[in-house]
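1. Show me the folded form of this:
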Amino acid sequence: MSTLQVAPALAKILIYPIKSLDPVELQECRIGPAGGLENDRAWALFSADGQWVNGKRNNLVFMIRAKYAADLSSVTLSAPDDPRKLPEKTFAFPKDTDDAAKWFTTYFDQPVIVRYSADGVPDDPIASGPTIVSTESLRVISELFPGMDVPGVRRRFRTSLEIDIVPAFWEDQLFGLEERSSVRFRIGDANFEGSNPCARCPVPMRDPFTGEVLLGFQKKFSDYRRTHFPSWTPEARFDHYYRLATNTRVAPTESGKLLKVGDKLVI
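-> Numbering: from 1, shown residues only. Sure thing, here's the model as predicted:
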């Protein structure tokens, strides 16, 4: 049960319609058919040999800007800081994958395939629901690194749901003591199961606009996590300390349910 007398509230909803690219902040969003958020990670980029084209593999990803129509019916792609000055172009979203692939192919100077999935393309195919973090977690992390702010940390870790009215790492309450255990909770009318603390990849250590690596980021972050476990955190779930946010599972029965900023999170 939550340690708070006041229920945490949903403070932000962020989706990433094109995996690895810019987010869209929403005031409300529905649960998609596979348990993620509607239109989240709906497009994914692949090389000709089937490998991801993402920030882990190619620094050029960080220079792409993706701006969406208010109704997500189109996306405009550009790379304003790239010296090659590739013209920006607008594509129908999500159907215009072939023409978008041509733009990405020119930009990366290699064949790129754009694949659309209505289910989304989550990083964790087992715990494929939205990831959850607290605003306070992002704040304390930002204070570890000179010149970093909360929006910058938010862009580095790319979490979908953000909660407030809670202390740092409160989201650790949303997974259980054992790998096969889960914590059930509700946001608004939608039911979730917390699965595990999210293992992070090399992307958060890179500037979200340039790809520049912040040396020592992973060690400093991991050392802080290791020495600042709240009393409610199941430390046994941490085989390493480069983990932030909680992965979730969402049953098919929740598809179509609406999440709104301000909804309460109740365990």
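2. how many other residues sit next to Ile15?
-> By the criterion of other CB atoms under 10 Å, Ile15 has 22 neighbours. C-beta here means a position set from N, CA and C on the backbone, and glycine is covered the same way.
3. Could you report the neighbour count for the residue nearest to it when sequence neighbours are not counted?
-> Take Ile15 and drop its neighbours on the chain: the residue closest to it by CB to CB, 6 or more residues apart in numbering is Asp40, 4.1 Å away. Other residues within reach of Asp40, judged by other CB under 10 Å, total 23.
4. ok, now how distant is Ile141 from Val153?
-> Taking CB to CB, to the nearest Å as the measure, Ile141 falls 5 Å from Val153.
5. okay, those two: which has more neighbours?
-> Higher neighbour count among Ile141 and Val153: Ile141, with 26 against 23, using other CB under 10 Å.
6. Can I get the one helix or strand the more buried one maps to in PDB, CA atoms only?
-> Assigned by DSSP states H and E, Ile141 belongs to helix 135-142. Once non-C-alpha atoms are left out, helix 135-142 reads as follows in PDB (Å, rounded to 0.1, in the frame of the first residue of the first chain):
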ATOM      1  CA  THR A 135       8.800  14.100 -11.200                       C
ATOM      2  CA  GLU A 136      10.900  14.200  -8.000                       C
ATOM      3  CA  SER A 137      13.100  11.400  -9.300                       C
ATOM      4  CA  LEU A 138      13.900  13.400 -12.300                       C
ATOM      5  CA  ARG A 139      14.600  16.500 -10.200                       C
ATOM      6  CA  VAL A 140      17.100  14.800  -7.900                       C
ATOM      7  CA  ILE A 141      18.900  13.300 -10.900                       C
ATOM      8  CA  SER A 142      19.100  16.600 -12.600                       C
END
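7. Name the residues of the following helix or strand past that helix that are buried.
-> Sequence-wise, the next helix or strand beyond helix 135-142 is helix 150-157, with elements assigned using DSSP H and E. By neighbour count, with 16 or more other CB atoms under 10 Å as the criterion, the buried positions of helix 150-157 are 150, 152-157.
8. what do you get for stretch 233-247?
-> Applying 16+ other CB under 10 Å to stretch 233-247 flags 233-234, 237-238, 241-247 as buried.
9. which one of those residues is nearest Ile126?
-> If you rank those by distance to Ile126 using CB to CB, Asn247 comes first, at 8.5 Å.
10. any idea how far that closest one is from Ala92?
-> When CB to CB is the yardstick, Asn247 and Ala92 sit 32 Å from each other.
11. Just the buried residues of stretch 45-52, please?
-> Residues of stretch 45-52 classed as buried by neighbour count (16+ other CB under 10 Å): 45-46, 52.
12. tell me the pLDDT at the nearest residue to Thr105 once chain neighbours are set aside?
-> With CB to CB, 6+ apart as the measure, Val112 is the residue that lies nearest to Thr105, at 4.7 Å, once sequence neighbours are left out. According to the prediction, Val112 has pLDDT 98.
13. just the one 5 residues further on next, same as before
-> The predicted local confidence for Ser117 comes out at a pLDDT of 97.
14. Tell me if I'm right that it and Ala42 touch.
-> Yes: distance between Ser117 and Ala42: 6.3 Å, which falls inside the contact criterion (CB atoms under 8 Å).
15. The two: which has the busier surroundings?
-> Taking neighbours as other CB under 10 Å, Ser117 and Ala42 compare with Ala42 leading, 25 against 17.
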